[in-house]
Each structure stands twice: as C-alpha cells, then as structure tokens.
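Participant: the amino acid sequence is not available; the structure is as follows:
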C-alpha cells in the first residue's frame, strides 16, 4: 500500500463493524451535547442564569450537533466511515478528543 492511501475494508462484517463504531461514537457525543444543554437548562431552573442565557444554550446545541453529524456521516459511503474510524483510532491514541460543544460555538461565531 502506498503512503497516504486508505485501506479498503473487504468484508461486509468489517464494514458493518465500522458503521457501528461510528454510530456509537455519534450517539455518545450527541449524549454529551445534550448533557451540556441540559446543564444550562438546570442552571436556568435553579435561577443561576436568565431565560436568555438558557435560550442561547439551546441555540448553541443545534450547530454543535450539526458539526458532529457532518463529521460522522456527511460524506456517506464505506470509504468515509473507514476514514472516520481511522480518525477515532488516532484520537484515542493521542487522547485528544474533539470538543463538539466548542466546535458549535466556532460555527456560530466565526
């Protein structure tokens, strides 16, 4: 294999496992984003922030979730899923996860 090429997973089982891994990552990160939004709503309910700040958190959630979805699924196809699995492996090895909540803020405020 040449440097810079992406290996192609040959079997249906490997492709299915890759899709399941990306889907599991998406779900776990989505749960984290919901946790962020929920924490802000809890702060509103406790009187720590006003309704506008609570509303801002809900508006922040959507672009963050959209960035996560694009990362996981936007290009579709087996090659993209395999590429994402490779990125997930590297992120795990480097212990440098993506902060999707922060990515959502960057998207909203360029």
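Facilitator: Thanks, I have the structure now. Bear in mind the structure is a predicted one, so any value in this text is a computation, not a measurement. Numbers count the residues shown, from 1 in each chain.
Participant: mind checking how far the lengthiest helix in the chain is from the chain centre?
Facilitator: Secondary structure assigned by DSSP state H gives helix 12-45 as the longest helix of the chain. Chain-centre distance of helix 12-45: 7 Å, with Cα atoms, centre = their mean, to the nearest Å.
Participant: now do the helix or strand following it and helix 12-45, the angle between them.
Facilitator: Downstream of helix 12-45, the first helix or strand assigned by DSSP states H and E is helix 51-73. Orientation of helix 51-73 against helix 12-45 (axes from the mean of the first three to the mean of the last three Cα atoms, to 10 degrees) gives an angle of 170 degrees.
Participant: packing partners for helix 51-73?
Facilitator: helix 12-45, helix 77-94, helix 100-108 (3 or more Cβ pairs under 8 Å, 6 or more residues apart in numbering; DSSP states H and E). Placement of C-beta: from N, CA and C, glycine included.
Participant: now do the contacts for the residue positioned nearest the centre of the chain.
Facilitator: Closest to where the C-alpha atoms of the chain average out (Cα atoms, centre = their mean) is residue 68, at 3.2 Å. By Cβ atoms under 8 Å, 6 or more residues apart in numbering, the contact set of residue 68 is 26, 29-30, 33, 100, 103.
Participant: buried sites along the longest helix of the chain?
Facilitator: Within helix 12-45, the residues scored as buried using 16 or more other Cβ atoms under 10 Å are 18-19, 22, 25-26, 29-30, 33, 36-37, 40, 44.
Participant: tell me what angle it forms with helix 100-108.
Facilitator: Using the same axes, to 10 degrees: helix 12-45 against helix 100-108 is 80 degrees.
Participant: let's test this: mean pLDDT of helix 12-45, rounded?
Facilitator: Helix 12-45 shows a mean pLDDT of 94.
Participant: check what pLDDT residue 76 gets.
Facilitator: With respect to pLDDT, residue 76 scores 74.
Participant: repeat for the one 4 residues further on
Facilitator: Residue 80 is assigned 85 on the pLDDT scale.
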